[in-house]
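Trainee: the following comprises the amino acid sequence and a computationally predicted model.
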Amino acid sequence: MTATILAVLSVAGVLVHGAQGASGIGNDGSLSCSSAVARENGAAGVMDRAESVGGFPFGVAMSSKFSEAFVLSSGKLITFKLASGGLHRIASTYVAGAVAGLALSPDDHYLVALNGNSGGSIVMLHEKGPSLLPSFVTKFSVPEGSGAIESVVEPNSNSIVVSFETSNSVAMLSVSRIESGAYQARFVRSVKVAPGPVGLDVSPGGTNLYVVSENVGWGSPSNRSNWSYS
């Protein structure tokens, strides 16, 4: 399968207005779906560049230091350089079993890529000239974890959290550098959450984790609490 998955956007003064058919928030705090269509007004200055990749793309992460975009597609990690002339593919790295949950550490030192099952990989990044490229790969797994789907790296880059869609849980793993120079993730603990957890994010201070579940029937809003940890 070939899919066009990546676009670089440079947007200046785009105005979205006139949404019709929008629906709101229910009495129980739930969000209902909408058939609204938003019309833009003069999207001047928008430029896009697209690159076609094979496989089934799932996940993109942007570096903060060197302007790279990392794309995960069916076990292949593709590195693009973002430049004024468009997208430039500069590397393609095979990461066995990696199919989901791509995330980049805030310090640009490693990527997390999940295998859709009980764990995934930590991919070390290294500087080569003006670019940031993948190098060493280590594996990790979570006891009783199943359906690894999304990941997030804490602000201090010392730990990651993974959502497991099938086992209805999220897990925390600590990340440290080992003797070889690579990064390794070690399981710390997991907790059960509402069925079908997918999206997740950590607060800027690293004290609260917010998890989005695909199951909308999980009790009242008062039962949908975040997970605090230290």
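Mentor: Yep, it's here.

Trainee: mind showing which ranges of the chain have poor pLDDT?
Mentor: 1-49, 85, 216-230 (pLDDT under 70).

Trainee: again, only using 90
Mentor: Across the chain, the ranges flagged by pLDDT under 90 are 1-54, 59, 64-67, 81-88, 127-132, 135, 179-181, 193-195, 203-208, 212-230.

Trainee: just checking, Asn196 touches Asn168?
Mentor: In this structure residue 196 is Gly, not Asn. Yes - using Cβ atoms under 8 Å, Gly196 is in contact with Asn168, at 7.0 Å. For every residue, glycine as well, the C-beta is placed using N, CA and C.

Trainee: quick one: buried residues of stretch 91-101?
Mentor: Buried positions in stretch 91-101, judged by neighbour count with 16 or more other Cβ atoms under 10 Å: Ala91, Thr93, Val95, Ala98, Val99, Ala100, Gly101.

Trainee: closest one to Gln184 out of these, please.
Mentor: In terms of Cβ to Cβ, no member of the buried residues of stretch 91-101 lies closer to Gln184 than Val95, at 15.1 Å.

Trainee: measure the closest one to Thr138 for me?
Mentor: 11 Å (Cβ to Cβ, to the nearest Å).

Trainee: quick one: which of the buried residues of stretch 91-101 sit in strands?
Mentor: Those of the buried residues of stretch 91-101 mapping onto strands are Ala91, Thr93, Ala100, Gly101, per DSSP state E.

Trainee: got a markdown table for these, with distance to Val71 too?
Mentor: Output for these, formatted as a markdown table (distance: Cβ to Cβ, whole Å):
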| residue | distance to Val71 |
| --- | --- |
| Ala91 | 11 |
| Thr93 | 11 |
| Ala100 | 13 |
| Gly101 | 13 |
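
Trainee: looks to me like Glu127 is in a helix.
Mentor: No - going by DSSP: H, G, I helix; E, B strand; the rest coil, the assignment for Glu127 is strand, not a helix.

Trainee: alright, that wraps it up for me.
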